[in-house]
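> structural data only, the sequence is not supplied:
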């Protein structure tokens, strides 16, 4: 099934091997370089002007994908642009841009249950998470838990796995991991 079909029928899509291990490795190297330059910042919670670091709610460190981009990052953006066009063509989502960042969780860190649409802002239409974790095991924890009317479903952060879900009102959380956990995360945005 395509991502668009999955989102239309279930509101969630999982694509294993969206990137191959060699591509994931190159993206990890990009993240490491950005971290060595001091580009990562502690993630914060709260609205504009009232953001604060609350590690018991959100313990990751983020780095927005902005210029200058490295070749593996450009390649990923091209793949995600193809996905955006597919979603618009097949499901008429009206997506026009992508907001994307690295998210690095140290051991023990997680992100409490939340939604990806800040209060009163509906531009984020489809949430995307691409995992870059080599040789991840279930015992490492760090699953993405997505809540549904009938409970929840957990997705392990396996290398190369892309998880997409409709953003509106979709509660989810990142369970604490026992080792460092790295992803590229963000949102396809609409205009409204």
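Yep, it's here. Since this is a predicted model, take the numbers as computed values, not measurements.

> what helices or strands is the longest helix belonging to the chain leaning on?
Once the chain is assigned using DSSP state H, the helix that runs over the most residues is helix 71-91. Here helix 71-91 is seen to pack against helix 3-10, helix 21-36, strand 97-105, strand 124-131, strand 181-189 when contacts are counted using 3 or more CB pairs under 8 Å, 6 or more residues apart in numbering; DSSP states H and E. (Each C-beta comes from the backbone N, C-alpha and C, glycine too.)

> reformat these as JSON lines; add mean pLDDT and distance to residue 139.
Conversion of those to JSON lines gives the following (pLDDT from 0 to 100; distance: least, CB to CB, whole Å):
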{"stretch": "helix 3-10", "mean pLDDT": "93", "distance to residue 139": "28"}
{"stretch": "helix 21-36", "mean pLDDT": "98", "distance to residue 139": "20"}
{"stretch": "strand 97-105", "mean pLDDT": "96", "distance to residue 139": "16"}
{"stretch": "strand 124-131", "mean pLDDT": "96", "distance to residue 139": "16"}
{"stretch": "strand 181-189", "mean pLDDT": "96", "distance to residue 139": "13"}
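
> average pLDDT for stretch 163-172?
Stretch 163-172 shows a mean pLDDT of 93.

> ignoring the adjacent residues along the chain, who's closest to residue 163?
Nearest in space to residue 163, with sequence neighbours left out and distances taken as CB to CB, 6 or more residues apart in numbering, is residue 129 at 4.8 Å.

> and the closest residue to residue 30 other than its chain neighbours, how many neighbours does it have?
When the adjacent residues along the chain are set aside, residue 30 lies closest to residue 70, with 4.7 Å between them (CB to CB, 6+ apart). Around residue 70 sit 16 other residues, with neighbours defined as other CB atoms under 10 Å.

> residue 70 contacts residue 28, correct?
No - at 11.6 Å, residue 70 and residue 28 do not qualify as touching, with contact defined as CB atoms under 8 Å.

> contacts only, for the residue nearest to residue 93 when sequence neighbours are not counted.
Excluding the flanking residues, the one nearest residue 93 by CB to CB, 6+ apart is residue 87, at 4.7 Å. With CB atoms under 8 Å, 6 or more residues apart in numbering as the criterion, the residues that contact residue 87 are 3, 4, 7, 93, 95, 126, 188.

> how far away is residue 87 from residue 116?
Distance, residue 87 to residue 116, by CB to CB, to the nearest Å: 16 Å.

> what of residue 130?
Here the criterion is CB to CB. By it, residue 130 lies 15 Å from residue 116.

> and these two? which has more neighbours close in?
Taking other CB under 10 Å, residue 130 and residue 116 do not tie; residue 130 has more neighbours (26 against 20).

> state the distance from the more buried one to residue 89.
According to CB to CB, residue 130 and residue 89 sit 21 Å apart.

> returning to what we had before: okay if I get the helices and strands packed on helix 71-91 as CSV plus distance to residue 78?
Below are the helices and strands packed on helix 71-91 laid out as CSV (distance: least, CB to CB, whole Å):
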stretch, distance to residue 78
helix 3-10, 16
helix 21-36, 12
strand 97-105, 11
strand 124-131, 13
strand 181-189, 14
